[in-house]
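> show me the folded form of this:
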Amino acid sequence: MALRMAKLDRTKTGLWTARKVIPKDVRDAYGKHEEKPTWPSTLTQGQARAEFGVWLASIEERIAALRSASGGPEIALTQRQSRALAGKWYKALVEQESDNPGDPLGWEEALTQLYPEEDDTSYQAYLRGDTVPYDGPWRPTPFLIAERNRLLTTEGLNVTPAASARLLADMGDLYVSFCHLMARRARGDYGADPVVIALPDWEAPAQVSPPTSAGQNIMDLFDGYVAEENPSPATVKAWKPIMVHLGVFLGHTDSERVTTDDLIRWKDHLLVTPTKNGSPRSAKTVKDSYVAAAKAVFNWAKRNRKIPENPAVGIVVGGRKKQRLRDPGLSNDEAGIILRATLEPQAGLSPGHVAARRWVPWLCAYSGARVNEITQLRKQDIEKRDGVWAMHITPEAGSVKTGEARWVPIHSHLIDQGFLSFVDNAAAGPLFYNPKRHRGGSDGNPQYKKVGERLAKWVRELGVDDPKVQPNHGWRHRFKTVARGAKMDPEAREVIPGHAPATEGQAYGTWPLAQLAEEIEKLPRYAL
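Have a look, this model is predicted:
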């Protein structure tokens, strides 16, 4: 059966468009013969592909639901069959796109949506200040999920959950190769494709497996957890591929079949299996990312009577606590290197990034705030309240670990350097990035986070390269050290950087800004 793919295209007027013909067997139930949307001409190729993927996923999920409602036996796929079916899809994609591959940057953007960069850390690891790179699997984007569903519909296959998960994994792996190939084609390289010759030919399976049990799909549980608990977009981004990884490892996605022994085998597998960068996962990463995700999702499912018991209860990840070989805060010399560099001219950068290099390290130094709490600041977040100039760190602007807004007085040294003049001359909106330069990425990978990552890379290039200290998070540790030396009130030095109250009593009431300003002014000025 020929593969009919929805394809992103442009109209004569420059609008982005696509066309999806609804399969005949579900057309009556669907209520339409086809879907044909348009998107603004101002979108980049990468942004348009992201919009296209979300649109196509919603249609294919609806088609898959209509098809599954008709019942029918489920088919099991062998590893060879799964790779062959994904290969058929890959070959069709290559044939469809090779003649006019477009802009190489568009394919590179599409690839970043699927496969995280080496320094793209999970939300939890970022908050801890770990140096471990993101080591989860590729992200199952809406486009890939839609393509998987469309492929199965086109082939007339109703496969087991395990086969569906394996097929998605194979398609994700091949899509990485496809994006690289299209970027090559877009640069004029039409040499041989080494991937296609290694793919087996597709032959439809003849055997039919018995239907699986009626337990809910693991990803259904994850979606329910997200809908009710409303975790941050970064947490959703980090945990979703982890739950997909669990299903692929188990060979099925039936939540009621998951046992404690299964999760222990998964944990052991994670600890000994190298990641894509060749290094094993640390016990801390397995505990705080993988096992934490499973515990949270299954605990939600148990509370809501989706499963009889939580199989993740009692799962423990051992391992010796990581040794601390030096103070995790930036030293006097390291702080001086960074702050002196902020005063140097910054050529060849966007205005937002120039501003970030100039002001973000100073704001971190005098507040102890998390770097993303600073990079997400907007012009309206800098305000004079009760006679004190302060910055409003609020979840309305982006990520705040505690989920609670706070006001932090601005140290007089920053005011003397001209920070308020910079804010006054800035355009409305974010201070350190331009939302118009957004490339259409997910909420889990916001622009302000990328600003922080680029700052960290810059600090490393300055020579602050000790792997035992974080280039951004090191300011947070240093703030506490300096505050203790300045005899800052112990409670104030918890409130200012946004640490959780140490006691129930400290959670009552608030600190007047005038008193917090007095405490912040105890911090000695940096003399360069």
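
> quick one: the helices in the stretch 201-350 of the chain, in order.
Remark: helices assigned in the stretch 201-350 of the chain by DSSP state H, counting those that start in this stretch are 218-229, 233-250, 260-272, 283-285, 292-303, 332-342.

> and those as CSV, adding mean pLDDT, distance to residue 313 and mean neighbour count?
For every residue, glycine as well, the C-beta is placed using N, CA and C. Below are these laid out as CSV (pLDDT from 0 to 100; distance: least, Cβ to Cβ, whole Å; neighbours: other Cβ atoms under 10 Å):
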stretch, mean pLDDT, distance to residue 313, mean neighbour count
helix 218-229, 88, 15, 18
helix 233-250, 80, 16, 21
helix 260-272, 87, 7, 16
helix 283-285, 86, 19, 20
helix 292-303, 93, 8, 20
helix 332-342, 95, 43, 16
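
> and of these, who's closest to residue 147?
Nearest of these to residue 147, taken as Cβ to Cβ: helix 233-250 at 15.2 Å.

> may I have the closest one as PDB, with CA atoms only?
C-alpha atoms of helix 233-250 as PDB (Å, rounded to 0.1, in the frame of the first residue of the first chain):
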ATOM      1  CA  PRO A 233       7.000  22.200  31.400                       C
ATOM      2  CA  ALA A 234      10.700  21.400  32.000                       C
ATOM      3  CA  THR A 235       9.600  18.500  34.300                       C
ATOM      4  CA  VAL A 236       7.200  17.200  31.600                       C
ATOM      5  CA  LYS A 237      10.000  17.500  29.000                       C
ATOM      6  CA  ALA A 238      12.400  15.500  31.200                       C
ATOM      7  CA  TRP A 239      10.000  12.800  32.500                       C
ATOM      8  CA  LYS A 240       8.100  11.900  29.400                       C
ATOM      9  CA  PRO A 241      11.000  10.300  27.500                       C
ATOM     10  CA  ILE A 242      11.800   8.500  30.800                       C
ATOM     11  CA  MET A 243       8.400   6.900  30.900                       C
ATOM     12  CA  VAL A 244       8.700   6.000  27.200                       C
ATOM     13  CA  HIS A 245      12.100   4.400  28.000                       C
ATOM     14  CA  LEU A 246      10.500   2.300  30.700                       C
ATOM     15  CA  GLY A 247       7.900   1.000  28.300                       C
ATOM     16  CA  VAL A 248      10.500   0.100  25.700                       C
ATOM     17  CA  PHE A 249      12.700  -1.600  28.300                       C
ATOM     18  CA  LEU A 250       9.700  -3.700  29.600                       C
END
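
> and it, what does it pack onto?
Secondary-structure packing of helix 233-250 (3 or more Cβ pairs under 8 Å, 6 or more residues apart in numbering; DSSP states H and E): helix 123-128, helix 161-186, helix 218-229, helix 260-272, helix 292-303.

> now those helices in JSON lines, with distance to residue 143?
Converted to JSON lines, the helices and strands packed on helix 233-250 look like this (distance: least, Cβ to Cβ, whole Å):
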{"stretch": "helix 123-128", "distance to residue 143": "23"}
{"stretch": "helix 161-186", "distance to residue 143": "9"}
{"stretch": "helix 218-229", "distance to residue 143": "17"}
{"stretch": "helix 260-272", "distance to residue 143": "27"}
{"stretch": "helix 292-303", "distance to residue 143": "23"}
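
> quickly list the domain ranges of this structure.
Using automatic domain parsing, the domains assigned to the chain come out as 1-211, 213-322, 332-520.

> now find how far off-centre the strand ranked longest in the chain is within its chain.
The residue-count maximum for a strand in the chain (DSSP state E) belongs to strand 388-393. A distance of 29 Å separates the centroid of the chain from that of strand 388-393, by Cα atoms, centre = their mean, to the nearest Å.

> what do you get for stretch 245-261?
Put simply, stretch 245-261 sits 23 Å off its chain's centre (Cα atoms, centre = their mean).

> start to end distance for it?
One end of stretch 245-261 to the other measures 16 Å (Cα to Cα, to the nearest Å).

> what's in contact with that stretch?
Stretch 245-261 has contacts (Cβ atoms under 8 Å, 6 or more residues apart in numbering) with 136-137, 160-162, 164-166, 169, 212-221, 262, 265-266, 269, 290, 294, 298, 301, 306-308, 311-315.

> again, but for stretch 464-476
With Cβ under 8 Å, 6+ apart, stretch 464-476 has contacts from 129, 131, 325-331, 334-335, 337-338, 361, 364-365, 368-371, 452, 455-456, 459-460, 497.

> narrow these to just the buried residues.
The neighbour count (16 or more other Cβ atoms under 10 Å) marks 129, 328-331, 334-335, 338, 361, 364-365, 368-371, 452, 455-456, 459, 497 as buried among those.

> which element is residue 398 on?
Residue 398 belongs to no helix or strand when assigned by DSSP states H and E.

> my read: it touches residue 374, true?
No - in terms of Cβ atoms under 8 Å, residue 398 does not count as a neighbour of residue 374; the distance is 10.1 Å.

> before we move on, back to that, need the helices of the stretch 201-350 of the chain in CSV with distance to residue 478, can you?
Formatted as CSV, the helices of the stretch 201-350 of the chain follow (distance: least, Cβ to Cβ, whole Å):
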stretch, distance to residue 478
helix 218-229, 34
helix 233-250, 25
helix 260-272, 33
helix 283-285, 23
helix 292-303, 28
helix 332-342, 6
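
> ok, which of the ones you listed comes nearest residue 153?
Distance to residue 153, taken as Cβ to Cβ, is lowest for helix 218-229 among those, at 18.5 Å.

> between the closest one and helix 161-186, how big is the angle?
Helix 218-229 runs at 80 degrees relative to helix 161-186, counting by axes from the mean of the first three to the mean of the last three Cα atoms, to 10 degrees.

> tilt between helix 218-229 and helix 292-303?
Angle, helix 218-229 to helix 292-303, by the same axes, to 10 degrees: 80 degrees.

> CA atoms only: put helix 218-229 into CSV for me.
What follows is helix 218-229, C-alpha atoms only, in CSV (Å, rounded to 0.1, in the frame of the first residue of the first chain):
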residue,chain,number,x,y,z
ILE,A,218,1.8,3.8,31.1
MET,A,219,1.7,7.0,29.0
ASP,A,220,-2.0,7.4,29.9
LEU,A,221,-1.0,7.4,33.5
PHE,A,222,1.7,10.0,32.8
ASP,A,223,-0.8,12.2,30.9
GLY,A,224,-3.2,12.0,33.9
TYR,A,225,-0.4,12.9,36.3
VAL,A,226,0.5,15.9,34.3
ALA,A,227,-3.1,17.0,33.9
GLU,A,228,-3.8,16.9,37.7
GLU,A,229,-0.4,17.7,39.2
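
> and it, how far out from the chain's middle?
17 Å.

> which other helices and strands does that helix contact?
If you count contacts as 3+ Cβ pairs under 8 Å, 6+ apart, helix 218-229 packs onto helix 233-250, helix 292-303.

> adding distance to residue 522, write those out as TSV.
Output for the helices and strands packed on helix 218-229, formatted as TSV (distance: least, Cβ to Cβ, whole Å):
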stretch	distance to residue 522
helix 233-250	34
helix 292-303	37
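
> test my guess that residue 513 contacts residue 409.
Yes - applying Cβ under 8 Å, one finds residue 513 in contact with residue 409, separated by 6.0 Å.

> so which of those two has more stuff around it?
Taking neighbours as other Cβ atoms under 10 Å, residue 513 and residue 409 compare with residue 409 leading, 24 against 19.
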